[in-house]
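Colleague: Using only what follows, build the 3D model:
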Amino acid sequence: MACPNPPRWLQQRAGGVVLLLTVQPAARRTELAGLHDGLLRVRLAAPALEGRANEALRAWLAGQLGCARSAVQLLRGETSRRKQVAVELPVEQVCARIEQLLAQAQSRPG
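Modeller: All right, here's what the predicted structure looks like:
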C-alpha cells in the first residue's frame, strides 16, 4: 500500500482524499513544483481571474490522476493561494501518482 504514513499534504476522507495545496497562478507552465511548507506546490499557467486558475487546477489534477474533472472538487481557498481539493479516488492511487510527480519535480533542473 502506498502512503502507509500519509504526508501532510494528503488527508483521507470517505470516498477519497483531500489534497492540501499552495498554488501559484500565472506561471510559465502548469506543473507540480514540489513542496512548500509541507503542502503540494502547483504552478498554474492560468491567471487568477474569474475562477480560471481554479478550473485549470481541477482539469490538471484530473488529467494527472486519471479521473474525470467531476471527481475533483475545490473545497476551500477559492480566492486564496492555499487550497483544499477533494479527489474521489482511492488514497493509494492518489498517493502513488503524486509521489511520481514529486520525484519528477525534484529531478528537474533549477
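
Colleague: quick one: contacts of the longest strand that the chain contains?
Modeller: For the chain, the longest strand by residue count, based on DSSP state E, is strand 16-24. By CB atoms under 8 Å, 6 or more residues apart in numbering, the surrounding residues in contact with strand 16-24 are 8-12, 33, 36-44, 53, 57, 61, 71, 75, 77, 81-91, 94-95, 98. From N, CA and C alone the C-beta is placed, and that goes for glycine too.

Colleague: which outside residues touch the next helix or strand after it?
Modeller: Scanning forward in sequence from strand 16-24 by DSSP states H and E, the next helix or strand is strand 31-36. Contact with strand 31-36 is made by 9, 22, 24, 40-43, 64, 98, 101-102, 104-106, as judged by CB under 8 Å, 6+ apart.

Colleague: If any of the contacts of strand 16-24 are buried, put those into a ChimeraX selection.
Modeller: To isolate the buried members of the contacts of strand 16-24 in ChimeraX, using 16 or more other CB atoms under 10 Å:
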select :9,10,33,36,39,40,41,42,43,44,53,57,61,71,77,81,83,84,85,86,87,88,89,91,94,95,98
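
Colleague: out of the contacts of strand 16-24, which are inside strands?
Modeller: For the contacts of strand 16-24, secondary structure assignment (DSSP E) places 10-12, 33, 36, 39-43, 75, 82-87 in strands.

Colleague: which strand residues sit across from the residue nearest to residue 75 when sequence neighbours are not counted in the sheet?
Modeller: In space, not counting the residues next to it along the chain, residue 75 is nearest to residue 84; the distance is 4.3 Å by CB to CB, 6 or more residues apart in numbering. The partner list for residue 84 in beta bridges (DSSP bridges) reads residue 20, residue 76.

Colleague: For residue 69, give me its contacts.
Modeller: With CB under 8 Å, 6+ apart as the criterion, the residues that contact residue 69 are 58-59, 62.

Colleague: same deal with residue 55?
Modeller: residue 46.
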